[in-house]
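J.: I would like the atomic coordinates for the input below:
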Amino acid sequence: MTGRGRAAAGVPSDYLDPTQLLIDLRRRSVELGLIGPRVASTDRFEFEFSEIEAALSEGRSSTMAFTFRNPPRSTDPSSALDGAKSILSFGLGYPQWSTAETAKGSIASYAVRDYYQQLRDSLSELCAMIVDSGYRALSVLDQNVTVDKGAARRSGLGWMGKNTLILTNKTGPYLVLGEIFTDCIFVRDQPSPKGCGNCQRCQVACPTGALNQAYKLDARICLSWLLQKAGSFPIELRETLGLRFYGCDDCLVSCPVGAKSRPIYSFEEPFDPVFWLEHDDAALMSAFSALYIPKRDPSHLRRNLLLILGNHATCPSGADAAIERHLTHPDPVVRGTAAWTAGRHGLLNLLNRCHVSESSHEVRGEIESALAKLYAAGRRDQFEPISPG
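T.: The predicted structure is shown next:
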């Protein structure tokens, strides 16, 4: 970092001039592979507040907490850091990860690597630069303290897409967001004048209609959210889920913004649900530690693995044994999902045996539903789950 320059009016002489500090921050940000910083005021995010309130009142937010837990707080940037005068908005772009046609499951691109940790480390370094220059600073990202998209939109880091994600020319929707709050007064940037125009590709691509209203997400039917939500996965959306283990990228892949410039990587090894179901809880949590997992409960991962296993066209090698083990799992959500998966693969005898010993009313309901469908079909080979890819 350069030495201390001439202080701006109203700034103590031992503080680095805000203009020079911002130049230094932007230079280092580029070196770290970030987009930004762009500068926003600490005024309340009125637009985001009204959007959150509307989603809550209409029920579109489902059971999401996060910034929905306390909207007055999460939309009031001044509550993040006492005396804050500026918000620096940053983005970290990440590649699009493609799934091979032979894959047995998929993970959303943002969850393939811990991009949030990479951004967190970078913001910590930039925070230190601000503090070393005589100011107070606090980095915030992926927390319920503030609405990240509000700072990105206001500062012009990007603009809001119809998929409710922030878009930039370089990355499209493929970026994670974070902020630094500081008492240093920087010159404000302006919001981006860009928008989505008449494009509706993300809305058309959404497999459940969660984006039928432009710029509004119905989390109740958003596969990405439902894969994070605790409890039983809605039975009416299980087939639509396909082979998604964590997240859904359909509204990102379909977005044309930044499509020509962003890198596309391929998984070296196909995701195999049977392989992961054979792991113990500790190994599962270690492998997927960067993911949001409700209450850090590995049973949630098992639920998701069983769901995609149930959507395979044929019962993979070792799947019968994995399903049978999970039909006696301590968690009734896991047992119920395993029953659905058993039904999808025509494991009639296994379901009949479990029905006799099952004590949970909810799980018995799952077993009976699976049995009813098998009996109605008459023959196992008439059952046609979706094919991988």
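J.: C-alpha only now, for contacts and for neighbours.
T.: Will do.
J.: mind listing the helices for the stretch 51-200 of the chain?
T.: Per DSSP state H, counting those that start in this stretch, the stretch 51-200 of the chain carries helices over the ranges 71-74, 115-132, 148-155.
J.: lowest-scoring secondary structure element of the chain by mean pLDDT?
T.: Every helix and strand in the chain was compared by mean pLDDT, DSSP states H and E; the lowest is strand 264-266, with a mean of 83.
J.: so where's the stretch 251-389 of the chain shaky on pLDDT?
T.: Applying pLDDT under 70 to the stretch 251-389 of the chain flags the ranges 268-269, 379-389.
J.: what ranges does it have for its helices?
T.: For the stretch 251-389 of the chain, the helices defined by DSSP H, counting those that start in this stretch cover 273-277, 281-287, 298-310, 319-326, 332-344, 348-357, 361-377.
J.: residues of the first one that come out buried?
T.: Buried positions in helix 273-277, judged by neighbour count with 16 or more other Cα atoms under 10 Å: 273, 274, 276, 277.
J.: got a markdown table for those, with distance to residue 158 too?
T.: Formatted as a markdown table, the buried residues of helix 273-277 follow (distance: Cα to Cα, whole Å):
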| residue | distance to residue 158 |
| --- | --- |
| 273 | 37 |
| 274 | 40 |
| 276 | 38 |
| 277 | 40 |
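J.: just so I know, which of the helices of the stretch 51-200 of the chain lies nearest residue 290?
T.: Nearest to residue 290, of all these, is helix 115-132, at 8.7 Å by Cα to Cα.
J.: average pLDDT across that closest one?
T.: Averaging pLDDT along helix 115-132 gives 97.
J.: host element of the closest residue to residue 212 other than its chain neighbours?
T.: Spatial nearest neighbour of residue 212, excluding adjacent residues (Cα to Cα, 6 or more residues apart in numbering): residue 203 at 5.9 Å. Secondary structure from DSSP states H and E places residue 203 in helix 201-205.
J.: ok, the closest residue to residue 244 other than its chain neighbours - contacts?
T.: Distances taken as Cα to Cα, 6+ apart place residue 106 nearest to residue 244, at 4.9 Å, with adjacent residues excluded. Listed by Cα atoms under 8 Å, 6 or more residues apart in numbering, the contact set of residue 106 reads 99, 243, 244, 245, 246, 271.
J.: just the pLDDT at residue 106, thanks.
T.: pLDDT, residue 106: 89.
J.: next one: phi and psi at residue 18?
T.: When read as degrees, to the nearest 10, the backbone of residue 18 gives phi -60, psi -40.
J.: need the contact list for the residue lying closest to it once chain neighbours are set aside.
T.: Using Cα to Cα, 6+ apart and skipping residues adjacent in sequence, the residue nearest residue 18 is residue 186, 6.0 Å away. Residues near residue 186 by Cα under 8 Å, 6+ apart: 18, 19, 22, 39, 86.
J.: and residue 263, how many residues sit next to it?
T.: For residue 263, the neighbour count with other Cα atoms under 10 Å is 13.
J.: ok, and the closest non-adjacent residue to it?
T.: Closest residue in space to residue 263, ignoring its immediate chain neighbours: residue 95 at 5.1 Å, by Cα to Cα, 6+ apart.
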